[in-house]
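Participant: sequence below, structure please.
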Amino acid sequence: MEFRDVVRRRKMVRTFQDGPLDSAVVERILDHGRRGPSAGFAQGFAFLVFEGHEETRRFWEAASAGGDEDRVVESIRRAPLVIVPLASKQAYLDRYAEEDKGWADGDEPRWPAPFWLVDAAFASMLMLLTAVDEGAGALFFGLYPPAIPRFKETFGVPAQWEPIGAIAMGRPAAVDPVKSSRDTRSRKELRDLIHRGRW
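Facilitator: Reported below is the predicted structural model:
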């Protein structure tokens, strides 16, 4: 598939067919995610992978703890793969304290943006695009904030790592009956987004 077609076809999928993704496809998706750019090549992102009914069930139980379970429709829970991208701020503070960067004080205000989150988002987008290229569908969604401590404890996530969301993946259903904002809002025109030379 041409890259331009991958980009045009990328959308959030909320209804998945039953059945697993091929293991080679899953490995390519994860491998492409690790190729995302990262400040100072710190690579302060990681992926917690839940594959198959038993593992994804455990994910949904932990991630929904706290009362959010009714908001997740069953069609999303059918996804055979859930990937949780995590970011480590400490990995970036440590990397930039190294000799070639010279920020030995580890002062967080030096950062104009939290690149640990930016880089984990880059990795996530590469996985979303790879899913399209592989004929799969994907949905990036946020985790329920009160459930995050239980999620981390349940799956042994070290304190310095924070989930930025989760990605459900699988074969998209032929028809996606679940309505989203895409169904009620139009994509902005390029002319409404671009400011050339000044705002």
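Participant: what packs against the helix or strand hosting R28?
Facilitator: Per DSSP states H and E: R28 is located in helix 23-33. Taking 3 or more CB pairs under 8 Å, 6 or more residues apart in numbering; DSSP states H and E as contact, the helices and strands that helix 23-33 lies on are strand 45-51, strand 81-88, helix 115-133. For every residue, glycine as well, the C-beta is placed using N, CA and C.
Participant: please work out the average pLDDT along that helix.
Facilitator: The average pLDDT for helix 23-33 rounds to 97.
Participant: so which residues of the protein form helices?
Facilitator: 3-9, 23-33, 53-64, 74-77, 89-96, 115-133, 148-154 (DSSP state H).
Participant: put together JSON lines for the ones you listed, with mean neighbour count and distance to A173 on each row.
Facilitator: Formatted as JSON lines, the helices of the chain follow (neighbours: other CB atoms under 10 Å; distance: least, CB to CB, whole Å):
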{"stretch": "helix 3-9", "mean neighbour count": "11", "distance to A173": "15"}
{"stretch": "helix 23-33", "mean neighbour count": "16", "distance to A173": "17"}
{"stretch": "helix 53-64", "mean neighbour count": "17", "distance to A173": "17"}
{"stretch": "helix 74-77", "mean neighbour count": "16", "distance to A173": "7"}
{"stretch": "helix 89-96", "mean neighbour count": "19", "distance to A173": "38"}
{"stretch": "helix 115-133", "mean neighbour count": "21", "distance to A173": "15"}
{"stretch": "helix 148-154", "mean neighbour count": "16", "distance to A173": "27"}
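Participant: quick one: closest of those helices to S186.
Facilitator: helix 3-9 (15.3 Å; CB to CB).
Participant: which intervals of this structure have sub-threshold pLDDT?
Facilitator: By pLDDT under 70, the weakly predicted segments of the chain are 65-72.
Participant: nearest the middle, which residue of it would you pick?
Facilitator: With distances taken as CA atoms, centre = their mean, the residue of the chain nearest its centroid is S124 (4.0 Å).
Participant: now do the contacts for the residue nearest to it when sequence neighbours are not counted.
Facilitator: Distances taken as CB to CB, 6 or more residues apart in numbering place P85 nearest to S124, at 4.9 Å, with adjacent residues excluded. Neighbouring residues of P85 by CB atoms under 8 Å, 6 or more residues apart in numbering: 33, 45-47, 120-121, 123-124, 127, 163-167.
Participant: you'd agree G170 is up against G137?
Facilitator: Yes: if you go by CB atoms under 8 Å, G170 and G137 touch, sitting 6.5 Å apart.
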